[in-house]
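Novice: Show me how the following folds:
(chains A and B)
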Amino acid sequence: MSKLPEELIALLHDTGSIKVIATIDGEGHPHVVVKGSLTTLDNETIVFAEGLEGSLSNKNLVRSIWFDKKVAINITKGLTSYQVKGRPYKYLITGSVFRQLLDRARERRGAEADIAGVWVITPEEVRNESPAVRSSLAREERGLFHSHLDLLRHSE
Amino acid sequence: MSHNQESGVEALSEKYADVPRLIILKLDLQRRGITLSDAAADATCTPYYRGPEVTAFSTKETAVRPLPGPILLRDGTSVLTGPTDSTLLKPYTVDYIDGKFYVYDNGERLDEVDFSPRPEFYGKLTSRGVPMESIAWSRPQRLDLYPYRYCHYWDTREQCKFCGFFTDLKTQKQLAGDSYAKIVHPEDLFETVREAIKEPGRFSQINLTAGTDYSGEVPFENEVKRYVEVLQAIGRNFKTRRFPSQLIAPAYSKQQVKRLYDETGLSSYCPDIEVWDKELFKWICPGKEKWYGRDYWIKSALDAVEIFGKGNVYTNFVAGVEFVQPHGFTSIEQALDSNFEACEYFSKNGVVYLSIVWRPGRGTGLAGQQQPPLEYYVRLIRGLVEIRKHYGLASDNDDFKHCGNHGDSDLERLN
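Specialist: Numbers count the residues shown, from 1 in each chain, chains lettered A, B, ... in the order given. Okay, the predicted model is just below:
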């Protein structure tokens, strides 16, 4: 398994970044939720805590690990943004990683906080979605074709 | 039923694409059992995994190399299985390579697995000096307690024919008195639970079961009284009136069940029917037939729904014993029809009818009998879960993380 890019690792460790995960239900309908616990512990896989066994997101993740479907994750802070596509590899209901994320949940949300389990996602595709990076790549590929002309005019 | 043409996990995963491969693997791990490679056995004896050394089920071998907790599949499914040489089928092998456990079938790696880790209360003693690991056994999210470690059905050789409970799994003999105390003191149970639930996030349910004791002025009265004392002692650990718990016990009268509900914090009751067919019940469960027969067991479960509520009463059956010869079914269709009929009947009355995969043990009356093919279990769990879903039943007490015995309740994760 490859190491995640350093900039993405920093975003994953940053408690101020916004982290969301998109899953699909049995009919292919997307479902997106924020996952504040989402992080990496080994700089290769992504983990996050699931609060409820019966949540729509969790059911979709169970379906994904059972029937080999992908999930998409986005981590953003300011103008830096990454998307990770991958597959659920494990769901931990006990053990050291489970305990680590439970302790973190209780530090963040108070002693009464609880989690149902911890998902481990194996990344398969990492994409830098930062606007500057995407714009730069678009210009490399398509030139100035889609640029609005007011941005190209001489300043007065 | 010949096993020569039997389909395995991969073939059945393709044939039944709506049943997850991991759940089919679980069914077969239970059906065939496992052996641990030397590396895996060593790894499970390390401090993170090491199982209990002193239990009512310990043997000389397991006291030195204790068995770890249940297997965990990648999706979090717990699997109650273990080393076996008791079936006619070749067990799977679990090996330990580069810090991870893998399950193999005939040398082919099938999947990564793990074992439930050692809980923090193992190795500690109660104030009476009793090892807590001899009192409670840890599953991934469940604490198992056995307050009475002797089954009196064995006194008259009327034990359930598939059962090896409280034996050394080799000899057909109850061991309490020789190897360990028959009765566990309620204060030892209280202290063990108190210690176990200090560990954050480790347990979300308590399960009690024991050998059957039908003694008393009214049959089962002594047993019910003991359970009330034990549950009250355990309940002192909780700030809520009820605590997540299940009692797997004989069929009691409605009055006895009400007493358990009213006087303790118990949240679920489970009188196991074991086998649905009327004639097979008589033959396979002679003790249950004597005290007081199949109709009584069914009525007890149905009556209990009025007390514990819909979905909080369970009854397990040992899937596979219905094929045992010379009286058992001879076709898969017969067995499926029988079990679906049972599930329909119990479900419409609010009782959860759950399957357990039967593996014939050496210390049981069914040693050497042939198990049904894996495909039977796949078809069985699909059918059971559909029927229960139709009646709005869920098996929270016995789901993928609490029990480890039921492929059908595992499928409910998508419901």
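Novice: Remind me which helix or strand the nearest residue in space to B:V313 that is not next to it in sequence belongs to.
Specialist: Among residues not flanking B:V313 along the chain, B:A304 sits closest, at 4.5 Å (Cβ to Cβ, 6 or more residues apart in numbering or on different chains). Where C-beta positions appear, they are placed from N, C-alpha and C, glycine not excepted. Secondary structure assignment for B:A304, by DSSP states H and E: helix B:294-308.
Novice: List the neighbours of the helix or strand just after that helix that are in contact with it.
Specialist: Note on helix B:294-308: by DSSP H and E, the next helix or strand toward the C-terminus is strand B:313-319. For strand B:313-319, the external contacting residues (Cβ atoms under 8 Å, 6 or more residues apart in numbering or on different chains) are B:162, B:246, B:248, B:268-276, B:297, B:301, B:304-305, B:339, B:342, B:346, B:350-358, B:372, B:376-377, B:380, B:395, B:397-398, B:405-406.
Novice: and with 7 Å instead?
Specialist: With Cβ atoms under 7 Å, 6 or more residues apart in numbering or on different chains as the test, strand B:313-319 has contacts from B:162, B:268-276, B:301, B:304-305, B:339, B:346, B:350-358, B:377, B:380, B:397-398.
Novice: now those: which count as buried?
Specialist: Neighbour counting with 16 or more other Cβ atoms under 10 Å in any protein chain shown marks B:162, B:268-276, B:301, B:304-305, B:339, B:346, B:350-358, B:377, B:380, B:397-398 as buried within the contacts of strand B:313-319.
Novice: Tell me which of the residues you listed fall in strands.
Specialist: Using DSSP state E, the members of the buried ones among the contacts of strand B:313-319 that fall in strands are B:269-270, B:351-357.
Novice: Which member of those residues is positioned nearest B:I284?
Specialist: Nearest to B:I284 out of these is B:I356 (Cβ to Cβ; 13.6 Å).
Novice: On the pLDDT front, check that closest one for me.
Specialist: If you check B:I356, the pLDDT there is 98.
Novice: A:S155 - how many residues pack around it?
Specialist: Residues near A:S155, counting by other Cβ atoms under 10 Å in any protein chain shown, number 3.
Novice: no wait, B:D396
Specialist: B:D396 sits with 21 neighbouring residues when counted by other Cβ under 10 Å.
Novice: if I look at it, how far off is A:I65?
Specialist: Distance, B:D396 to A:I65, by Cβ to Cβ, to the nearest Å: 20 Å.
Novice: same deal with B:F220?
Specialist: Using Cβ to Cβ, we find B:F220 at a distance of 44 Å from A:I65.
Novice: Let's verify B:T93: helix, strand, or coil?
Specialist: Look at B:T93: counting by DSSP: H, G, I helix; E, B strand; the rest coil, its state is strand.
Novice: What residues does chain A have near chain B?
Specialist: Contact residues (Cβ under 7 Å from any Cβ of the partner chain) of chain A with chain B: A:59, A:62-63, A:65-67, A:89-95, A:98-99, A:102, A:117.
Novice: could you flag which of those are buried?
Specialist: A:59, A:62-63, A:65-66, A:89-95, A:98-99, A:102, A:117.
Novice: Widest-spaced pair of these?
Specialist: So, those by Cβ to Cβ: farthest apart are A:R63 and A:R99, at 26.3 Å.
Novice: So which residues of chain A form helices?
Specialist: Taking DSSP state H, the helices of chain A run over residues A:6-13, A:56-67, A:96-109, A:131-142.
Novice: Repeat that for the stretch 151-300 of chain B.
Specialist: Along the stretch 151-300 of chain B, counting by DSSP state H, counting those that start in this stretch, helices occupy B:186-196, B:221-235, B:254-263, B:278-284, B:286-290, B:294-308.
Novice: Tabulate these in CSV, adding columns for mean pLDDT.
Specialist: Listed next are these as CSV, based on pLDDT from 0 to 100:
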stretch, mean pLDDT
helix B:186-196, 98
helix B:221-235, 98
helix B:254-263, 98
helix B:278-284, 98
helix B:286-290, 97
helix B:294-308, 98
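Novice: In a markdown table, list the ones you listed along with distance to B:M132.
Specialist: A markdown table is the format used below for those (distance: least, Cβ to Cβ, whole Å):
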| stretch | distance to B:M132 |
| --- | --- |
| helix B:186-196 | 4 |
| helix B:221-235 | 13 |
| helix B:254-263 | 25 |
| helix B:278-284 | 35 |
| helix B:286-290 | 31 |
| helix B:294-308 | 29 |
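Novice: Look up how far B:H402 lies from the closest residue to A:L56 other than its chain neighbours.
Specialist: Leaving aside its chain neighbours, A:L56 sits nearest to A:H31 (5.4 Å; criterion: Cβ to Cβ, 6+ apart). In this view, A:H31 and B:H402 are 26 Å apart by Cβ to Cβ.
Novice: Looking at those two, which is more packed in?
Specialist: B:H402 (24 against 14).
Novice: now the more buried one, what's its secondary structure?
Specialist: Following three-state DSSP, the label given to B:H402 is coil.
Novice: just to revisit the earlier point, pretty sure the residue nearest to A:L56 sits against A:S55.
Specialist: No. Here A:H31 does not reach A:S55: they are 9.4 Å apart, not a contact under Cβ atoms under 7 Å.
Novice: ok, now which ones touch B:F220?
Specialist: B:214, B:250, B:252, B:256.
Novice: let's see 6 Å
Specialist: Counting by Cβ atoms under 6 Å, 6 or more residues apart in numbering or on different chains, B:F220 makes contact with B:214, B:252.
Novice: any idea how far chain A is from it?
Specialist: As for B:F220, its distance to chain A is 35 Å (criterion: Cβ to the nearest Cβ, to the nearest Å).
Novice: go on, B:R74?
Specialist: For B:R74 relative to chain A (Cβ to the nearest Cβ), the value is 5 Å.
Novice: okay, now that residue: neighbour count?
Specialist: A count of nearby residues for B:R74, using other Cβ under 10 Å, gives 18.
Novice: And for B:L29?
Specialist: Here the number of neighbours of B:L29 (other Cβ under 10 Å) works out to 26.
Novice: just the one 4 residues further on next, same as before
Specialist: Taking other Cβ under 10 Å as the neighbour definition, B:G33 ends up with a count of 20.
Novice: so what's the spatially closest residue to it that is not a sequence neighbour scoring on pLDDT?
Specialist: For B:G33, ignoring the flanking residues on the chain, the nearest one in space by Cβ to Cβ, 6+ apart is B:T84 at 3.2 Å. At B:T84, the model reports a pLDDT of 75.
Novice: got it, and the one 5 residues further on?
Specialist: At B:L89 the predicted local confidence, pLDDT, stands at 89.
Novice: That one belongs to a strand?
Specialist: No. Read with three-state DSSP, B:L89 is coil and lies in no strand.
Novice: quick one: contacts for it?
Specialist: Contact analysis of B:L89 by Cβ under 6 Å, 6+ apart lists B:R32.
Novice: do the same with B:N415
Specialist: Taking Cβ under 6 Å, 6+ apart, one finds B:K389 in contact with B:N415.
Novice: Check what pLDDT it gets.
Specialist: Confidence score, pLDDT, at B:N415: 93.
Novice: same thing with B:S58?
Specialist: 62.
Novice: now B:D168
Specialist: 68.
Novice: and if you look at B:G368?
Specialist: 90.
Novice: can you give me phi and psi for it?
Specialist: The phi/psi pair for B:G368 (degrees, to the nearest 10) reads phi 90, psi -10.
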